[in-house]
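In: Got a sequence here, can you model it:
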Amino acid sequence: MFYRVGKAGIQEIGRMEWEQMPGGVAVFDEDEWGGELKLKEAFSLGRKEEDAFFCKLESHASYLFGTFHIPVKKKERRNYDFAVYILKDRLIFIEEGSFADDLIGLLQKRTAAKTYTLERFLSDFFMAVIEQDILYLAVLEREIAGMEETVLEGNTTHFHYRMLGIKKEISRFYCYYGQLTDVAEILAAENRAGRDFLERVKRLQGEAQSLREYAMQVQDVYQAEITIRQNNVMNLLTVVTTVFLPLTLVAGWYGMNFYNMPELSWKYGYLVVSGVCLVIIVVILLFFKKKKFF
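Out: Here you go, the predicted structure:
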């Protein structure tokens, strides 16, 4: 697809018109770009478009070359990858899918019949790439807040598994924004198009960092909740042990069965010993109740 950026906004044009007039944007798929030997020679485009696994932007003598690896916010889908040549008077995108072409179509609708420059187009394009990211980070924040509420309510089922998934997702976007920051700094140094983009990416990276810290805080809340539960169990075990310790002593004492123990032949011996044991239990329980052990 070929587009012209000018007084009428973004207009779709033909190949010949794009080659002859400045201010053009072209989108090629990988197979089409592989056969554009004359175009590469005409603009001295000597970079090899390898598979993009991260975002980067390189400065060359007559152009900027970048590869972009855009993480998809739905885990079941693969990431979006594309490369771009930024020349003085035109842009060339190379992609396998339709991510860049779809964004250009979106900008085309927004800027219909509006004076537009290539520099402004470049800025708006990269801003559109991260346009929905703040909303996605807000979704992750709500998920973390929901997990915090469930932990405080005492429900810790599958907490580690769920928190691990969220932390990995936040880390993925934090690294992505770090790469975009480097890209935006190079872009801002070359022209004004990258300044707003750089500021926005830094804000997003700061938001991702805040989410990482929030996730750690919620994990600390979870650990505190587990510690409280363990302390409650230990308190219960302490009470049970303390109650049965004197009873064990009484059982061991009278379990000796010496011949001259008068209680063995006393007809009220069993009732008296049982009463003493009951009194011991009541006294110990009242003591722990007063000390607020339970």
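In: in the stretch 51-200 of the chain, which spans are helices?
Out: The residue ranges that make up the helices of the stretch 51-200 of the chain, judged by DSSP state H, counting those that start in this stretch, are 99-110, 118-129, 133-152, 159-190, 193-254.
In: helices or strands up against the second one?
Out: Spelled out, it's helix 118-129. Under the contact definition 3 or more CB pairs under 8 Å, 6 or more residues apart in numbering; DSSP states H and E, helix 118-129 sits against strand 90-95, helix 99-110, helix 159-190, helix 193-254. C-beta here means a position set from N, CA and C on the backbone, and glycine is covered the same way.
In: the bottom helix or strand of this protein by mean pLDDT?
Out: Across the helices and strands of the chain, mean confidence by mean pLDDT, DSSP states H and E is lowest for helix 37-42: a mean of 77.
In: How about the contacts made by Asp182?
Out: Residues in contact with Asp182 (CB atoms under 8 Å, 6 or more residues apart in numbering) are 55-57.
In: same thing with Ala145?
Out: Ala145 makes no contacts at all, as judged by CB under 8 Å, 6+ apart.
In: Look up how far Gly9 lies from it.
Out: Plainly put, Ala145 is 42 Å away from Gly9 if you go by CB to CB, to the nearest Å.
In: returning to that earlier point: sort out which one of the contacts of Asp182 lies nearest Gly154 for me.
Out: Cys55 (42.6 Å; CB to CB).
In: Isn't the closest one up against Tyr80?
Out: No. No contact is recorded between Cys55 and Tyr80 when judged using CB atoms under 8 Å, the distance being 11.1 Å.
In: Which among the helices of the stretch 51-200 of the chain is found nearest to Gly23?
Out: Of all these, helix 118-129 sits nearest to Gly23, with 5.1 Å by CB to CB.
In: Quick one: mean pLDDT over that closest one.
Out: Mean pLDDT, helix 118-129: 87.
In: Could you tell me how far that helix lies from the centre of the chain?
Out: Mean C-alpha position of helix 118-129 versus that of the full chain (CA atoms, centre = their mean, to the nearest Å) differs by 25 Å.
In: likewise stretch 281-294?
Out: A distance of 48 Å separates the centroid of the chain from that of stretch 281-294, by CA atoms, centre = their mean.
In: what's the domain layout of the chain?
Out: The chain breaks down by automatic domain parsing into domains covering 2-129, 133-228, 240-290.
In: so can I have CSV of these showing distance to Met234?
Out: Shown next, in CSV, are those (distance: least, CB to CB, whole Å):
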stretch, distance to Met234
domain 2-129, 41
domain 133-228, 10
domain 240-290, 10
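In: Could you check how far stretch 198-216 is from the centre of its chain?
Out: If you compare the mean C-alpha spot of stretch 198-216 with that of the full chain, they lie 10 Å apart, counting by CA atoms, centre = their mean.
In: Same question for stretch 20-34.
Out: Distance, centroid of stretch 20-34 to centroid of chain: 35 Å (CA atoms, centre = their mean).
In: Would you mind listing where the stretch 1-150 of the chain has pLDDT under the threshold?
Out: Low-confidence segments of the stretch 1-150 of the chain, defined by pLDDT under 70, span residues 44, 46-52, 74-77, 112-113.
In: which residue is nearest the centroid of this structure?
Out: The residue at the geometric middle of the chain, judged as the C-alpha nearest the mean C-alpha position with CA atoms, centre = their mean, is Ile170 (1.8 Å).
In: Once you drop chain neighbours, what's closest to that one?
Out: Taking CB to CB, 6 or more residues apart in numbering, and ignoring the residues beside it in sequence, Ile170 has Leu211 as its nearest neighbour in space, at 4.9 Å.
In: from memory that neighbour sits against Leu137, does it?
Out: Yes. Leu211 is in contact with Leu137 according to CB under 8 Å; the separation is 6.3 Å.
In: of those two, who's got more company?
Out: Leu211 (23 against 20; other CB atoms under 10 Å).
In: Roughly how far does the residue of the chain most remote from its centre sit from Tyr270?
Out: Distance from the C-alpha centroid of the chain peaks at Asn260, with 77.4 Å (CA atoms, centre = their mean). For Asn260, the distance to Tyr270 under the criterion CB to CB works out to 18 Å.
In: Repeat that for Ile228.
Out: Separation of Ile228 from Tyr270 (CB to CB) stands at 43 Å.
In: Then Met21?
Out: Plainly put, Met21 is 111 Å away from Tyr270 if you go by CB to CB.
In: Please name the residues that touch Phe68.
Out: Phe68 sits in contact with 52, 55, 80-84, 129, 183, where contact means CB under 8 Å, 6+ apart.
In: Next step: those restricted to strands.
Out: With strands identified by DSSP state E, the entries of those that belong to them are 80-84.
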